[in-house]
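1. from the sequence below, what's the structure:
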Amino acid sequence: MTRQQDDTITVVIPTFNRRELLQVAVESVLQEDRVPIRLHIFDNASTDQTETYARALIAANPRVSYTRRPENIGAIGNYSQALAIVSTEYFVPLADDDWLLPDFLFDAHAVLQQHADLGAAIFVTEARDAQGALVCTYPTSLDKLRFGILQPREHLSDWLRYGHYAWSSVLWRTRTMECLGPPYLHTGLPSDVDFQAQIFCHHPVYLCNRPGAVYSLHQSQASGGFDVSHIRSWARLFKRLDREIARQNLLDRGEYLPLRQMMRDRYRVAWNAPAKASLSEKDRVSAAYLAGFGLGDWETAFSLIESTQAEPDLRAVPPDLSVVQLPRVGSTRLGMDSPSTDSVTELVASVLIWMKGATEALAQLEQLNARMQTEKAELTVALAAAAEREELVR
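-> Numbering: from 1, shown residues only. Below is the predicted model of the structure:
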């Protein structure tokens, strides 16, 4: 990516088979004529009338470019290659089913032109349903957020606490992608969250309490496709976030861990939804491992491992007995020079099953201890009352 030194905004729109929605997105960009704009459409081998529309558009408007993929490379691949061609000072990645509101590009451009150190100008996104009704905003807690120019430490604190932004209403300074490096989208489907997290660890931003774009809610959205099969992507996202928070020394451990848990709890619904396609035994064990050790979501981890076929005899043992049985390391072939994938999967499953049993047994012990403490207190009261009565008799 070779960047030109100018103040032009490149708006990239990756698209696939959304001809009518694409037109709404395109027109929302081209209505702005007060700042220099380039609009580049990246067609992921659409089979509808997208190509016809786009070629007519570029013939009529010199600000528009069009790239058609010879074959569909997936949404993430299409977005990554779109980001890679940005050479202007600023850019906006606009979803083909969203649209920009008047003045967003003009106002966001003015902010970044005035403050050369800022990495992004972030406006509010309105989420609207098919009837146009406002459902919510991104971010959601507008009454709790700090607005204006925000440094990485204070901004990350709010971002972790209240959630990420819909990036159609974010004007980015192109050099901010240097901290990401190609292919820029590193964590699969939740890459937009990772994209923001990594950049916000490095760059101050301007947060504006005014709508800049509309996020269209409908059933065919890619963001609605999350399920348990994406645990690996989320675990990688959190690992990258942990590493960058530490590298930049933004938050100490005592501050970061509670905020990290808030973020995890907010996104947990995305990765614990039932898989839309059947997962192999190996994939289930892997997902359970990453859910527990990578995300700290042991409830999901134990649910996944319970549904596997590994170690059925161990799962059948009551929790109060299995807690004293160590994971069956000896039943694997880890002593071999090159342990097989099956042996590693067996070991991981055994450890997780043991941890599940130990956790259940510990919960039982805590309940038993609480009951015994209650009985002890009641007995103490009863003995005191009996002693008092005996004293009165004397």
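
2. just the strands from the stretch 51-200 of the chain, written as ranges.
-> For the stretch 51-200 of the chain, applying DSSP state E, counting those that start in this stretch gives strands covering 64-68, 90-93, 99-100, 120-128, 134-138, 148-150, 170-173.

3. spit out the contact partners of Val12.
-> Residues in contact with Val12 (CB atoms under 8 Å, 6 or more residues apart in numbering) are His40, Phe42, Ala82, Leu83, Ile85, Val86, Phe91, Val92, Pro93, Leu94. All C-beta atoms are positioned from the backbone trio N, CA, C, and that covers glycine.

4. tell me which of the strands of the stretch 51-200 of the chain lies nearest to Val11.
-> strand 90-93 (4.7 Å; CB to CB).

5. avg pLDDT for the closest one?
-> Taken as a whole, strand 90-93 has a mean pLDDT of 98.

6. quick check: His109 touching Glu89?
-> No: contact criterion CB atoms under 8 Å: His109 and Glu89 do not qualify, at 9.4 Å.

7. give me the common contacts of these two.
-> Common neighbours of His109 and Glu89, using CB under 8 Å, 6+ apart, are Asp7, Ile9.

8. ok so, going back, tell me the two of the contacts of Val12 that are most distant?
-> Using CB to CB, the two most remote members of these are Ile85 and Leu94, lying 14.6 Å apart.

9. so these two - more neighbours on which side?
-> More crowded of Ile85 and Leu94, by other CB atoms under 10 Å: Leu94, with 24 against 15.

10. quick one: contacts for the more buried one?
-> Val11, Val12, Ile13, Ala25, Val29, Leu100, Ser168, Ala213.

11. narrow those residues to those in strands?
-> Val11, Val12, Ile13, Leu100, Ala213 (DSSP state E).

12. next, count neighbours for the first one.
-> Taking other CB under 10 Å as the neighbour definition, Val11 ends up with a count of 28.

13. bridging residues for it?
-> With DSSP bridges as the criterion, Val11 is bridged to Leu39, Val92.

14. let me see the contact set for it.
-> So Val11 contacts Val29, Ile37, Arg38, Leu39, His40, Phe91, Val92, Leu94, Leu105 (CB under 8 Å, 6+ apart).

15. rerun at 7 Å
-> Shown in contact with Val11 (CB atoms under 7 Å, 6 or more residues apart in numbering): Val29, Ile37, Leu39, Val92, Leu94.

16. buried ones from these, can you make that a PyMOL selection?
-> Here is the PyMOL command that selects the buried residues among these (16 or more other CB atoms under 10 Å):
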select buried, resi 29+37+39+92+94
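
17. and the two most separated of the contacts of Val11?
-> Greatest spatial distance in those: Ile37 and Leu94, 11.4 Å, computed using CB to CB.

18. what do these two both touch?
-> When contacts are counted by CB under 7 Å, 6+ apart, Ile37 and Leu94 have Val11, Val29 as shared neighbours.

19. closest to Gly132 among the contacts of Val11?
-> Leu94 (18.8 Å).

20. about what we covered before: from the ones in strands among the contacts of Leu94, which is closest to Val135?
-> Proximity of those to Val135 was ranked by CB to CB; the top entry is Ala213 with 14.4 Å.

21. list the contacts of the residue nearest to the closest one when sequence neighbours are not counted.
-> Distance criterion CB to CB, 6 or more residues apart in numbering; nearest residue to Ala213, sequence neighbours excluded, is Ser169 at 3.6 Å. Applying CB under 7 Å, 6+ apart, we find Ser169 in contact with Phe104, Phe123, Val124, Thr125, Gly212, Ala213.

22. need those residues in JSON lines with distance to Lys282 and neighbour count, can you?
-> JSON lines is the format used below for the contacts of Ser169 (distance: CB to CB, whole Å; neighbours: other CB atoms under 10 Å):
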{"residue": "Phe104", "distance to Lys282": "46", "neighbour count": "26"}
{"residue": "Phe123", "distance to Lys282": "44", "neighbour count": "25"}
{"residue": "Val124", "distance to Lys282": "43", "neighbour count": "23"}
{"residue": "Thr125", "distance to Lys282": "39", "neighbour count": "24"}
{"residue": "Gly212", "distance to Lys282": "44", "neighbour count": "26"}
{"residue": "Ala213", "distance to Lys282": "41", "neighbour count": "27"}
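
23. how many neighbours does the residue nearest to Ser216 when sequence neighbours are not counted have?
-> Of all residues not flanking Ser216 in the chain, Asp97 sits nearest, at 4.6 Å (CB to CB, 6+ apart). As a burial measure, Asp97 scores 22 neighbours (other CB under 10 Å).

24. please, where are all the helices along the stretch 1-150 of the chain?
-> Remark: helices assigned in the stretch 1-150 of the chain by DSSP state H, counting those that start in this stretch are 19-30, 50-60, 75-84, 104-114.

25. also the stretch 151-300 of the chain?
-> Assigned by DSSP H, counting those that start in this stretch, the stretch 151-300 of the chain shows helices spanning 152-162, 191-200, 231-247, 253-271, 281-289, 298-306.

26. just to revisit the earlier point, for the contacts of Ser169, which one is nearest Thr67?
-> Of these, the one sitting nearest to Thr67 (CB to CB) turns out to be Ala213, at 22.6 Å.

27. quick check: that closest one touching Pro102?
-> No: with contacts counted by CB atoms under 7 Å, Ala213 stays clear of Pro102, the gap being 10.8 Å.

28. ok, so of the contacts of Leu94, who is nearest Asn249?
-> When the contacts of Leu94 are compared against Asn249 (criterion: CB to CB), the nearest one is Ser168, at 31.8 Å.
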